[in-house]
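Participant: the following block contains a protein sequence and its predicted model.
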Amino acid sequence: MRTLAQEARGAHNPSLVTYSWIPRDENSHADRLANKALDERGASAPQRLNYLTERLRSDEVPTSIFLVRHGETILTPDRKFSGTGEINPPLTEEGLAQAALVAKEVAKLSPEVLLASPLLRTTQTAQLIAEQVDLPIIFDEVWFECSFGIWDGMSIDDVKQTFPDEYQSWVSSPAYAPPGGESYDAVGWRIDEALNDIAALYPGQRVVVVTHNGVIREAIRLATGGSAESIYHIDISPCSISTIAIWPSDGLRALRGANERGHLR
């Protein structure tokens, strides 16, 4: 063990790393990794999968992330591709009304931090929320919607007619990126890191993130440990609220609500 400890200390510049001991029962992520390694070596012990039950009984307060999709734009009703392109549509009158309603609902959650994608539709939604919760908006491009490249603004029928092979590839694999765009897998990679950053920067706090359909779908997939393809089985409505809890000590995630929209009825 001393040899392994020396190797661990020598793996990085000591000035950049700090080491601290965490009891096993408070570090379920390390426990998961250890069990996985044992299983891969052919150990007879069954792999443990449920860490949440015990965590819910612990005293640690998780970081609560409330993911709010922006309100309706002119592209929303027909489900036209709406990414990070030049169109950058504003909210419609209906979208503004939706945003006003979700803002009142978010205020009931007593958030402590407000993050948002800098695109116009998310900015407008976040501004109405900020008025209700009296928080500054922290804009971050990591919460941008998936880029659909040259498909931005096009309808599905237009894409199927103009780019039939590319469209077939896109609906067949989350690893495929539209021409000039971004794959869902790539969105998942950046959102995975963004969720970890929130837990690290705001441990135990209540954080609202105003973002987009594809981003929230990926966040839900990541929280539930779903396969890359499971994003095809998630739908997120305008100005709905989805809730993810993350325990900062080890990054354990739990989905606590998805596509909640009772406040819009």
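Facilitator: Good, I have the coordinates. Numbers count the residues shown, from 1 in each chain.

Participant: so where do the helices sit in the stretch 101-250 of the chain?
Facilitator: 120-133, 156-162, 164-172, 184-201, 213-224 (DSSP state H, counting those that start in this stretch).

Participant: need the ones you listed in a markdown table with distance to residue 95, can you?
Facilitator: From N, CA and C alone the C-beta is placed, and that goes for glycine too. Output for those, formatted as a markdown table (distance: least, C-beta to C-beta, whole Å):
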| stretch | distance to residue 95 |
| --- | --- |
| helix 120-133 | 7 |
| helix 156-162 | 21 |
| helix 164-172 | 26 |
| helix 184-201 | 22 |
| helix 213-224 | 13 |
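
Participant: hey, which of those is tucked in deepest?
Facilitator: By mean neighbour count, with neighbours taken as mean count of other C-beta atoms under 10 Å, helix 213-224 ranks first of the helices of the stretch 101-250 of the chain at a mean of 24.

Participant: from residue 249, how far out is residue 62?
Facilitator: Here the criterion is C-beta to C-beta, to the nearest Å. By it, residue 62 lies 9 Å from residue 249.

Participant: which of the two has more residues huddled nearby?
Facilitator: residue 62 (23 against 17; other C-beta atoms under 10 Å).

Participant: show me the contacts for that one.
Facilitator: By C-beta atoms under 8 Å, 6 or more residues apart in numbering, residue 62 lies in contact with 204, 245, 246, 247, 248, 254.

Participant: try 6 Å
Facilitator: For residue 62, the contacting residues are 245, 246, 247, by C-beta atoms under 6 Å, 6 or more residues apart in numbering.

Participant: between those residues, which is nearest residue 94?
Facilitator: Nearest to residue 94 among these, counting by C-beta to C-beta, is residue 245 at 31.2 Å.

Participant: so who does that closest one touch?
Facilitator: 62, 64, 254, 256.

Participant: counting neighbours, what do you get for the closest residue to residue 83 other than its chain neighbours?
Facilitator: Nearest residue to residue 83, sequence neighbours excluded (C-beta to C-beta, 6 or more residues apart in numbering): residue 148, at 4.0 Å. Residues near residue 148, counting by other C-beta under 10 Å, number 24.

Participant: does residue 148 really touch residue 181, like I thought?
Facilitator: Yes: the criterion here is C-beta atoms under 6 Å, and residue 148 meets it with residue 181 at 4.7 Å.

Participant: tell me which residues touch the most centrally placed residue in the chain, please.
Facilitator: The structure's the chain has its C-alpha centroid closest to residue 219; by C-alpha atoms, centre = their mean the separation is 2.9 Å. Counting by C-beta under 6 Å, 6+ apart, residue 219 makes contact with 67, 191.

Participant: where does it land on pLDDT?
Facilitator: At residue 219, the pLDDT value in this model is 98.

Participant: now do it against residue 82, distance only.
Facilitator: 18 Å.

Participant: give me the beta-bridge partners of residue 91?
Facilitator: In this structure, residue 91 bridges to residue 73 when assessed by DSSP bridges.

Participant: how near is it to residue 120?
Facilitator: Using C-beta to C-beta, one obtains 8 Å as the distance from residue 91 to residue 120.

Participant: same list (the contacts of residue 62) but as JSON lines, adding pLDDT and distance to residue 166.
Facilitator: Shown next, in JSON lines, are these (pLDDT from 0 to 100; distance: C-beta to C-beta, whole Å):
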{"residue": "245", "pLDDT": "98", "distance to residue 166": "38"}
{"residue": "246", "pLDDT": "97", "distance to residue 166": "36"}
{"residue": "247", "pLDDT": "95", "distance to residue 166": "41"}
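
Participant: make CSV out of those and add distance to residue 100.
Facilitator: Formatted as CSV, the contacts of residue 62 follow (distance: C-beta to C-beta, whole Å):
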residue, distance to residue 100
245, 27
246, 29
247, 33
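
Participant: the residues you listed in strands, which ones?
Facilitator: Secondary structure from DSSP state E places 245, 246, 247 of the contacts of residue 62 in strands.
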